[in-house]
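A.B. asks: Take a look and give me a structure for this.
(one chain, ligands or ions: 1)
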Amino acid sequence: MKKLAGEKAAEYISDGMVLGLGTGSTVKYVLQKIGELVRQGLDIKGIPTSMQTKKIANEYNIPLTTLEDNPEIDLTIDGADEVDSRLNLIKGGGGALTREKIIAYHSKKVIIVIDESKIVKALGIDIPLPVEVVKFGWGSTKKALEEFGCTVELRKIMGEPYITDNSNYILDCEFDRINDPEGLEQEINNIPGVVENGLFIGLVDEVIVGSKQGIMTLGKEVVS
Ligand code: 5RP
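C.D. replies: Numbering: from 1, shown residues only. You can find the predicted model right below:
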């Protein structure tokens with residue numbers, strides 16, 4: 001299902017584009033396809049949203065650039081952990097949310113690729129909301145986040161704190177459900193020490209869903 005969605009998204013790419021390259025296992029199929037198209041002569045440049053994506057893009061010989069050299073991105077293709085009916089997202093399962101949000105914000109068009117399990121009635125139902133925080137004072141930042149009524153865990157990998165590509169920590173905030181994603185996104189980012197949170201509000205143009213029935217495309221207004 002992820003492969004179906006990833007390959008479909010690659011159809012939106014055309015010659016000369018600057019592409020934002022998202023992160024995750026679904027995007028890996030997009031990168032694979034882009035690599036194939038580049039071998040066949042497609043002329044694009046990609047801006048990776050993580051070290052992981054940069055490594056994969058290099059393996060596929062995808063030409064890379066930076067936001068400094070190409071500040072206008074034509075199209076970004078990324079994954080998501082949850083998608084609601086208004087195409088708002090939770091991202092950051094892979095820890096790349098800050099760079100992903102910067103890239104999405106500066107893109108003319110953002111396409112999200114998911115399998116059908118990621119569609120939810122309300123954000124926060126299935127997975128915690130990741131929040132990237134600086135290491136300094138992280139315990140106090142955690143307490144401030146708990147004021148929103150969530151349970152907060154420092155993300156760890158093999159018993160050690162997970163470190164983002166920006167050398168920060170991730171605090172995973174478990175809510176029963178998020179009733180006001182727009183408000184919460186802003187309020188969390190107002191806490192000193194918070195770098196960015198995984199709520200992506202109003203940034204997405206289209207969601208390509210791989211399902212057992214095939215491909216489904218969710219647009220801002222039209223569902224086909
Ligand atoms: C990384 C992300 C990913 O896009 C998200 O976790 C989805 O990953 P996958 O396609 O592997 O399910 O936000 O920070």
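A.B. asks: Give the next helix or strand downstream of the host helix or strand of Gly183.
C.D. replies: Secondary-structure element containing Gly183, defined by DSSP states H and E: helix 181-189. For helix 181-189, the following helix or strand on the C-terminal side (DSSP H and E) is strand 194-197.
A.B. asks: any residues touching the helix or strand just after that next one, and which ones?
C.D. replies: Downstream of strand 194-197, the next assigned helix or strand under DSSP H and E is strand 199-200. With contacts defined as Cβ atoms under 8 Å, 6 or more residues apart in numbering, strand 199-200 is touched by 80, 88-91, 100-101, 104, 123, 129, 178, 181, 184-185, 188. Using the backbone N, CA and C atoms, a C-beta is placed for each residue, glycine as well.
A.B. asks: Sort out which of those residues are in helices and list them.
C.D. replies: Among the contacts of strand 199-200, the subset assigned to helices under DSSP state H consists of 100-101, 104, 181, 184-185, 188.
A.B. asks: Would you check which of these are in contact with the ligand?
C.D. replies: Restricting the ones in helices among the contacts of strand 199-200 to those near the ligand by Cβ under 6 Å from any ligand atom leaves Glu100.
A.B. asks: list the buried ones in the longest strand along the chain?
C.D. replies: When the chain is scanned for its longest strand (criterion: DSSP state E), the result is strand 107-115. Buried residues in strand 107-115, counted by 16 or more other Cβ atoms under 10 Å: 107, 109-115.
A.B. asks: now, which of those sits nearest Gly16?
C.D. replies: Closest approach to Gly16 among the buried residues of strand 107-115 (Cβ to Cβ): Lys109, at 14.4 Å.
A.B. asks: pretty sure that closest one is touching Leu75, no?
C.D. replies: Yes. Taking Cβ atoms under 8 Å as the definition, Lys109 is a contact partner of Leu75 at 4.9 Å.
A.B. asks: From the ligand, how far out is the nearest residue to Ile73 once chain neighbours are set aside?
C.D. replies: Leaving aside its chain neighbours, Ile73 sits nearest to Ser107 (4.2 Å; criterion: Cβ to Cβ, 6 or more residues apart in numbering). Taking Cβ to the nearest ligand atom, to the nearest Å as the measure, Ser107 falls 15 Å from the ligand.
A.B. asks: Tell me the residues on the chain that lie near the ligand, please.
C.D. replies: By Cβ under 6 Å from any ligand atom, the residues of the chain that approach the ligand are 22-26, 78-81, 91-97, 100.
A.B. asks: what about burial for these, which qualify?
C.D. replies: Listed as buried from the residues of the chain next to the ligand are 22-24, 26, 78-81, 91-97, 100; burial here means 16+ other Cβ under 10 Å.
A.B. asks: when you check those against the strands, which ones overlap?
C.D. replies: Members of these lying in strands (criterion: DSSP E): Asp78.
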